[in-house]
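Student: Build the 3D model from these lines:
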Amino acid sequence: MGKVIGNRAKEIMGKAALAIACSAVAFGMNAMTVSATETPSLGMSVPIDPASELVQKVETTQTEAPLPETNNEPEEEEEPAFKYVQNNEVKGTGRTIKTNLSGHYYASGVEGIAMTDQEWSLQVEAGMAVVEYFWVNTWDITQDTAPLAVSTFRIVADSQGAELGPVVQINIHKTFNGKMTSLEGNEVKFTTVIGIPSDFRVAGAKYAVVLVKAGGAFEILPDMDEDDNTVTFKAKAGDGAYAIIRY
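Tutor: Numbering: from 1, shown residues only. So this is what the prediction gives:
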């Protein structure tokens with residue numbers, strides 16, 4: 001009898017333990033289900049959605065190119081290889097003659113070139129409107145840059161028993177609203193002063209200017225002043241090459 005009761009008690013205790021174990025397993029599964037659906041508590045390791053704003057922000061930051069290094073020191077400007085200088089003043093015997101007409105006076109082989117007439121009087125003489133202005137371009141002519149012109153000047157100088165000096169190009173046009181127009185054929189003349197280079201001056205010598213136009217036509221223009229340092233003559237409108245000759 002006692003043995004039967006003992007076996008029965010063990011059976012009941014075994015079933016109770018099995019029931020408790022099953023309940024514990026079931027509780028654990030429910031707990032796992034809840035933890036997967038509820039908001040995780042702090043401190044838990046939670047996988048992050050690759051499309052989330054945080055991931056995109058981190059990836060964008062990592063893929064941006066680094067900013068270039070900045071140099072606060074100012075950059076040095078390169079000096080031009082050659083700089084043109086205006087040569088539009090003639091310094092004679094204790095006086096300076098400045099040109100009255102705008103332009104590019106880039107002939108450097110003489111001691112300056114100046115147009116001395118007042119522009120308004122030249123405008124009237126040339127039949128120009130008051131809003132039209134003169135523009136003068138000058139540069140040096142050499143055997144290398146214009147051999148035919150220089151050869152013509154040599155022939156003219158030899159025919160006059162004179163020596164050839166510096167040769168310059170003088171182009172006189174009119175301009176209006178930024179547009180340049182030729183004055184070729186216009187009868188207006190321009191009182192022009194050219195400084196004679198020191199290496200071509202001879203005390204007591206006489207000077208003149210030879211004008212050569214396109215096609216080879218030439219004209220000898222007499223010196224209009226008594227200054228041994230300058231020649232003064234009447235230049236013509238349009239394009240022309242001018243040479244100083246010495247007798």
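Student: Near Phe190, how many other residues are there?
Tutor: Residues near Phe190, counting by other CB atoms under 10 Å, number 21. (Glycine included, C-beta is placed from N, CA and C.)
Student: you'd agree it is up against Ala235?
Tutor: Yes: counting by CB atoms under 8 Å, Phe190 does reach Ala235; the two are 4.6 Å apart.
Student: Give the residues shared as contacts by those two.
Tutor: 115, 172 (CB atoms under 8 Å, 6 or more residues apart in numbering).
Student: And Lys234, its phi and psi?
Tutor: Main-chain dihedrals, Lys234, degrees, to the nearest 10: phi -100, psi 110.
Student: So for it, what's the nearest residue that isn't a sequence neighbour?
Tutor: Using CB to CB, 6 or more residues apart in numbering and skipping the chain neighbours, the partner closest in space to Lys234 is Lys189 (4.2 Å).
Student: domains of this protein?
Tutor: 1-35, 89-246 (automatic domain parsing).
Student: how close does Leu122 sit to Asn177?
Tutor: Look at Leu122 and Asn177: by CB to CB, to the nearest Å, they are 19 Å apart.
Student: Correction: the previous question concerned Ala214.
Tutor: 27 Å.
Student: The two: who's more crowded?
Tutor: Per other CB under 10 Å, whichever of Ala214 and Asn177 has more neighbours is Ala214, with 11 against 6.
Student: Quick check: which helices or strands does the longest strand along the chain pack against?
Tutor: Ordering each strand of the chain by length in residues (DSSP state E) puts strand 163-176 first. Applying 3 or more CB pairs under 8 Å, 6 or more residues apart in numbering; DSSP states H and E, we find strand 163-176 packed against strand 133-141, helix 147-159, strand 179-182, strand 189-195, strand 230-236, strand 238-246.
Student: same thing but 7 Å
Tutor: For strand 163-176, the elements it packs on are strand 133-141, helix 147-159, strand 179-182, strand 238-246, judged by 3 or more CB pairs under 7 Å, 6 or more residues apart in numbering; DSSP states H and E.
Student: How about residues contacting that strand?
Tutor: Here strand 163-176 makes contact (CB atoms under 7 Å, 6 or more residues apart in numbering) with 107, 109-110, 128, 131-141, 150, 153-154, 157, 180-183, 190, 197, 200, 235, 237-246.
Student: Are any of those buried, and if so which?
Tutor: Among these, those classed as buried by 16 or more other CB atoms under 10 Å are 107, 109-110, 128, 133-141, 150, 153-154, 157, 183, 190, 200, 235, 237-246.
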